[in-house]
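Visitor: generate coordinates for the sequence data below:
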Amino acid sequence: MIRLRVIAGAEWRYWLRSRLVLGSALLMAGLLLATTAVTTLRMQGEAAERTHHQDKAEAAFLAQPARHPHRMVHYGHYVFRTPTPLAGFDPGLDPVTGQSIFLEGHRQNTPMFAPSGASADLGGFSWLSPAMVYQLFGPLLVILLGHGLIAREREAGTLATLLAQGAPGRLLLAGKAAALLSVIVLMSLPLALSAALAVRDGDPPLAAVALVGVYLLYLSIWGALALLASALLRRRTAVLAALATLWVVLTLVLPAVAVSATSNAAPMAGKLETDLVMLSDLRKLGDGYNVNDPAFARLRAELLAEHGVQRVEDLPVNLRGLVAQASEQKLTDTLNTYARAQMAAESRQAIVLASHGWFTPLLAVADASRALAGTDLAHHHRFLQEAEALRFAFVQGLNRVHAEKLSFSDDIRRSSDAQAEARTRVDASHWRLLDRFVFEPDAAGSRLARSQSQWLMLCAWFAVLVGAGAWVGGRLKP
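Guide: Next up is the predicted model:
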């Protein structure tokens, strides 16, 4: 253990003399400071704008004068999703998915106000963030510090002396690894600080700790790669060239190839094609504005028979409102079928893309990071589902008011009779059905469960590299 500390200490003295650690640390700190500042300012601006629009929409919605309930169905309302505190570190899919949805009758609108345009790939990078600094530039810093760990000793001729003095090759590699690991821990301190601030702001501590852990493991993989290459190749220039090539392949080339392969392995129907088929199905459901539409003949006959009357005017409920309810139910069932199919296709693509983490650790850490930060596809899908459930409850609540509070006679004459039109208006108390929407992120356990396979991939990468390093250390030669 003492010899291990001596070897690690000697490496640190070399780094400090060459000012390599200082320069690298300043570079990393500058990148993190810049991206954190930009991300924080952007999120604060978005939060202020989101709060402003949410309060404005809420006030405008509730301030509406007495109206026909179906007018309020089309007037609609906005709901907003607040990002998790950890989204400040890893925005994930948030930059390419909207955080606001307009809820109205007869439609399932897509999210709006995404900060950047939609991305074809679910793992794409929209802009530089602190997470991307760790994912892309963290490995470069590790390579810069670790490429000469053994090759430098070999070039200087000191490796033969160390081995001749009885220092086992594995012990030498372990000491060098300990020095590099200590640098990786120092590199992770800004992330640990961000995670602590996120916990203070409400994110679960377990998710924050796991996020720090997954990046420690990711950078350790690159440290093991650097140490292994330094032990196998004889010259530092060759080691640096090999590691730089590996960085390009693992962080730039393979992720792009994985996206292309995913599109081919799990293709999705185009939006135009899907919308045309969906519109064709919706036309078969009947006209919810026409109580005489054949699609609602059975409902009409059952109501007349149930209440023992011959005319719809004699029903104790408004047939128009009941038809609107039945029409919205059928329409929503159809829309949900297509929405579930779309989400299933997106999930299949995400699973296929995530499986490429066996070939590049960048995809594994990126997927785990999004899951732990609460900015992954699963969170986006749940936002859509909860917003849709609220939309349906809101519309059907107003349709119920339409059926129970308005008479059929007044309803059909309101365009030509001012008094009937006045009687078909209801006050705002009847549409206070849409409470302020609050989206709660997943608990830490759910986030960890979704990142399990990525943890397994990263652990497999690390275990293979450590095993290879132990094998090379036992056969280390000057």
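Visitor: now for the host helix or strand of Glu302, which elements pack on it?
Guide: Element membership of Glu302 [criterion: DSSP states H and E] is helix 297-307. Applying 3 or more C-beta pairs under 8 Å, 6 or more residues apart in numbering; DSSP states H and E, one finds that helix 297-307 contacts helix 319-355. Quick note: C-beta positions are derived from backbone N, CA and C, even for glycine.
Visitor: now the helix it packs on: mean pLDDT?
Guide: Averaging pLDDT along helix 319-355 gives 92.
Visitor: other SSEs contacting that helix?
Guide: Looks like helix 319-355 contacts helix 69-75, helix 254-265, helix 271-283, helix 297-307, helix 361-373, helix 377-405, helix 408-413 (3+ C-beta pairs under 8 Å, 6+ apart).
Visitor: mind listing what's buried along the helix holding Glu302?
Guide: For helix 297-307, burial by neighbour count (16 or more other C-beta atoms under 10 Å) applies to Leu299, Arg300, Leu303, Leu304.
Visitor: cool, and stretch 217-235?
Guide: If you call a residue buried by 16+ other C-beta under 10 Å, then stretch 217-235 has these buried ones: 217-233.
Visitor: quick check: Arg320 vs Asp287, distance?
Guide: 12 Å (C-beta to C-beta, to the nearest Å).
Visitor: my bad, Gly321
Guide: Taking C-beta to C-beta, one finds Gly321 at 15 Å from Asp287.
Visitor: more crowded one of these two?
Guide: Ranked by neighbour count (other C-beta atoms under 10 Å), Gly321 and Asp287 place Gly321 first, with 23 against 14.
Visitor: mind listing what the more buried one touches?
Guide: Counting by C-beta atoms under 8 Å, 6 or more residues apart in numbering, Gly321 touches Pro69, Asn399, Arg400, Val401, His402, Ala403, Glu404, Leu406.
Visitor: for it, which non-adjacent residue is closest in space?
Guide: Nearest non-adjacent residue to Gly321, counting by C-beta to C-beta, 6 or more residues apart in numbering: Ala403, 2.8 Å away.
Visitor: what pLDDT does the one you found get?
Guide: 89.
Visitor: can I assume Ser416 sits in a helix?
Guide: No: assessed by DSSP: H, G, I helix; E, B strand; the rest coil, Ser416 does not belong to a helix; its assignment is coil.
Visitor: assign a three-state SS to Phe102, would you?
Guide: strand.
Visitor: give me the below-cutoff pLDDT ranges for the stretch 1-150 of the chain.
Guide: 21, 112-127 (pLDDT under 70).
Visitor: all strands for it, in order.
Guide: Applying DSSP state E, counting those that start in this stretch to the stretch 1-150 of the chain gives strands spanning 77-80, 100-103.
Visitor: most tightly surrounded among these?
Guide: Mean neighbour count (mean count of other C-beta atoms under 10 Å) peaks for strand 77-80 among the strands of the stretch 1-150 of the chain, with a mean of 23.
Visitor: report the contact partners of Thr39.
Guide: Contacts of Thr39 (C-beta under 8 Å, 6+ apart): Gly88, Phe89, Pro91, Ser129, Pro130.
Visitor: how about Val239?
Guide: His147, Gly148, Ala151, Ala226, Ala229, Ser230, Leu233.
Visitor: okay, and Gly166 sits in which element?
Guide: If you go by DSSP H and E, Gly166 is not part of any helix or strand.
Visitor: name the residue most distant from the centre of this protein?
Guide: Gln310 (56.2 Å; C-alpha atoms, centre = their mean).
Visitor: pLDDT score for it?
Guide: 86.
Visitor: ok, now Leu227?
Guide: On the pLDDT scale, Leu227 is placed at 94.
Visitor: so how far is Ala241 from it?
Guide: 16 Å.
Visitor: please apply the same query to Met268.
Guide: As judged by C-beta to C-beta, Met268 and Ala241 stand 40 Å apart.
Visitor: what's the answer for Leu62, then?
Guide: As defined by C-beta to C-beta, Leu62 lies at a distance of 66 Å from Ala241.
Visitor: nearest residue to Ser369 other than its sequence neighbours?
Guide: Closest to Ser369 by C-beta to C-beta, 6+ apart is Asp90, at 4.8 Å.
Visitor: go on, Asn109?
Guide: Per C-beta to C-beta, 6+ apart, closest to Asn109 is Phe102, 4.9 Å.
Visitor: about what we covered before: dump the strands of the stretch 1-150 of the chain to JSON lines, plus distance to Ser194.
Guide: Output for those, formatted as JSON lines (distance: least, C-beta to C-beta, whole Å):
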{"stretch": "strand 77-80", "distance to Ser194": "24"}
{"stretch": "strand 100-103", "distance to Ser194": "26"}
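Visitor: Gln349: which of the ones you listed is closest?
Guide: Taking C-beta to C-beta, strand 100-103 is the member of the strands of the stretch 1-150 of the chain nearest to Gln349, at 22.0 Å.
Visitor: any idea how far Arg320 is from Arg300?
Guide: Taken as C-beta to C-beta, the span from Arg300 to Arg320 is 11 Å.
Visitor: thinking again about what came up before, how about the helices and strands packed on helix 319-355, which one is nearest His430?
Guide: Among those, the nearest to His430 by C-beta to C-beta is helix 377-405 (4.9 Å).
Visitor: for the protein, which residue occupies the most central location?
Guide: Asp376 (2.0 Å).
Visitor: quick one: contacts for it?
Guide: Counted by C-beta under 8 Å, 6+ apart, Asp376 has contacts Gly92, Leu93, Asp367, Arg370, Arg450.
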